[in-house]
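K.L.:
how does the following fold in three dimensions:
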Amino acid sequence: MSSSPADLHLPAARKGGLGALLRELGNYAELSKLRLCLMVTLSTAVGFALGAAGAVDWPRLWITVLGAGLAALGVNALNQCLEADRDARMLRTRGRPLPAGLLSHGHGVLFGLSATALGPLILISVSAVAALLTLLCAAIYLLAYTPLKPRTPLNTLVGAVCGGLPPMIGWAAAAGRPDAGAWILGASPF
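P.N.:
Take a look at the predicted model:
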């Protein structure tokens with residue numbers, strides 16, 4: 001049975017069923033470093049809980065976690081897009097979705113930009129400060145940490161800033177601003 005040219009543009013799920021869809025979702029989960037994103041959302045939730053004055057506003061917490069999580073997924077995907085050529089040369093990383101050809105570079109960029117933009121747009125509904133901190137974290141990760149990785153071990157200090165911002169994002173979403181407790185929590189990776 002031969003494929004028509006139109007079939008080549010169908011989503012994987014329509015071409016290969018549920019198994020193909022699950023593989024495709026797995027590729028996007030790996031592209032976005034889903035496990036790392038779960039840690040980011042957990043530290044955001046902890047920051048939120050610590051910044052809440054009194055009882056936790058659960059809907060606000062879930063919106064915060066969703067926004068921070070989407071931004072983290074997107075930033076990690078964009079990081080892999082920026083590093084795809086280098087990843088293709090390293091044994092440890094050549095099996096990642098982009099170097100292995102499991103996802104196209106264009107799809108990776110589109111997914112990364114969409115999720116990175118959607119996260120702060122969701123967060124602005126609970127806190128403009130949390131949304132700005134999220135954008136700051138994305139900018140530091142993509143414009144400083146990623147380019148410094150192959151050049152200097154000092155990139156880990158820049159990465160620590162990115163690790164300290166998610167609890168501050170959560171705190172700002174709960175309290176409206178990152179006060180002294182948020183700064184102490186954010187400095188804990190150092």
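K.L.:
and the contacts of the helix or strand where residue 35 lies?
P.N.:
Taking DSSP states H and E as the definition, one finds residue 35 inside helix 34-51. Surrounding helix 34-51, the residues in contact under the criterion CB atoms under 8 Å, 6 or more residues apart in numbering are 56, 60-61, 64-65, 68-69, 72-73, 76, 163, 166-175, 179, 181-182, 185. Glycine gets a C-beta too; all of them are placed from N, C-alpha and C.
K.L.:
hmm, try it at 6 Å
P.N.:
Helix 34-51 is contacted by residues 56, 61, 64-65, 68-69, 72-73, 166-167, 169-171, 173-175, 185 when judged by CB atoms under 6 Å, 6 or more residues apart in numbering.
K.L.:
okay, buried residues for it please.
P.N.:
Counting neighbours by 16 or more other CB atoms under 10 Å, one finds that the buried residues in helix 34-51 are 34, 37, 40, 41, 43, 44, 45, 47, 48, 50, 51.
K.L.:
what average pLDDT does it get?
P.N.:
Rounded to a whole number, the mean pLDDT of helix 34-51 is 95.
K.L.:
just the C-alphas of that helix, formatted as PDB.
P.N.:
This file holds the C-alpha atoms of helix 34-51, laid out as PDB (Å, rounded to 0.1, in the frame of the first residue of the first chain):
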ATOM      1  CA  LEU A  34       9.500  16.800  31.600                       C
ATOM      2  CA  ARG A  35      11.200  15.500  34.800                       C
ATOM      3  CA  LEU A  36      13.100  18.700  35.200                       C
ATOM      4  CA  CYS A  37       9.900  20.700  34.600                       C
ATOM      5  CA  LEU A  38       8.200  18.700  37.400                       C
ATOM      6  CA  MET A  39      11.000  19.800  39.800                       C
ATOM      7  CA  VAL A  40      10.500  23.400  38.600                       C
ATOM      8  CA  THR A  41       6.700  23.200  39.200                       C
ATOM      9  CA  LEU A  42       7.300  21.600  42.600                       C
ATOM     10  CA  SER A  43       9.600  24.400  43.700                       C
ATOM     11  CA  THR A  44       7.200  27.000  42.400                       C
ATOM     12  CA  ALA A  45       4.400  25.300  44.400                       C
ATOM     13  CA  VAL A  46       6.600  25.300  47.500                       C
ATOM     14  CA  GLY A  47       7.300  29.000  47.000                       C
ATOM     15  CA  PHE A  48       3.600  29.700  46.600                       C
ATOM     16  CA  ALA A  49       2.700  27.800  49.800                       C
ATOM     17  CA  LEU A  50       5.400  29.600  51.800                       C
ATOM     18  CA  GLY A  51       4.300  33.000  50.400                       C
END
